[in-house]
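**Q** Fold the following.
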Amino acid sequence: MKKEELIWQLMIRMPDFVTAEVVQTAKKLVFEKKKQEVSGVRFVAMADGLCLQTIHQGTYDNEGKTFAKMEAFAKQNGLTPVHKAFHHREIYLSDFRKTAPERLKTVLRLFVNEEREDEKN
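**A** From the prediction side, this is the model:
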């Protein structure tokens, strides 16, 4: 996995009471009061589906090693990583501003599909 080839999206989990309408209202208020560009902010409901998940401890630059282990595990267990524009999640558990790089904790999720019998041969 090459970091320079990744497509990034910053996402924030919203409480259940937040709707698309609430987000639109907030965007309008931010633009009116702060004159900040927020047109790229959008409300999206997501369902992750089948994935492998682990906790990576250490610098973000070393996540590739953890993803390689996940991909090896997938192969050993008849799973195929889903490679598309947005095929994994990183959930940051540590505040990088307050945590030493070697102690950072990140949940990594790699989306996978089960291999079909006709693909194994």
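
**Q** tell me the centre residue of this protein?
**A** With distances taken as CA atoms, centre = their mean, the residue of the chain nearest its centroid is Arg89 (1.9 Å).

**Q** got the contact list for the helix or strand where it lies?
**A** Element membership of Arg89, judged by DSSP states H and E, is strand 88-92. Outside strand 88-92, the residues that touch it by CB atoms under 8 Å, 6 or more residues apart in numbering are Asp48, Cys51, Glu63, Phe67, Leu104, Thr106, Val107, Leu108, Arg109, Leu110, Phe111. All C-beta spots, glycine's among them, are computed from the backbone N, C-alpha and C.

**Q** rerun that using 10 Å as the cut-off
**A** Contacting residues not belonging to strand 88-92 are listed as 1, 6, 8-9, 11, 13, 46, 48, 51-53, 55-56, 60, 63, 67, 70, 81-82, 99, 104-111 [CB atoms under 10 Å, 6 or more residues apart in numbering].

**Q** what mean pLDDT does that strand have?
**A** What strand 88-92 shows for mean pLDDT is 89.

**Q** Relative to His56, how far out is the residue nearest to the centre of the chain?
**A** Distance of Arg89 to His56, given as CB to CB, to the nearest Å: 12 Å.

**Q** shared neighbours, the two?
**A** With CB under 10 Å, 6+ apart as the test, Arg89 and His56 both reach Thr106, Val107, Leu108.

**Q** Angles on the backbone of the first one, please.
**A** Geometry field for Thr106 lists phi and psi as phi -140, psi 130, criterion degrees, to the nearest 10.

**Q** Report how many residues lie close to it.
**A** Residues near Thr106, counting by other CB atoms under 10 Å, number 20.

**Q** Right, I'll call it a day here.
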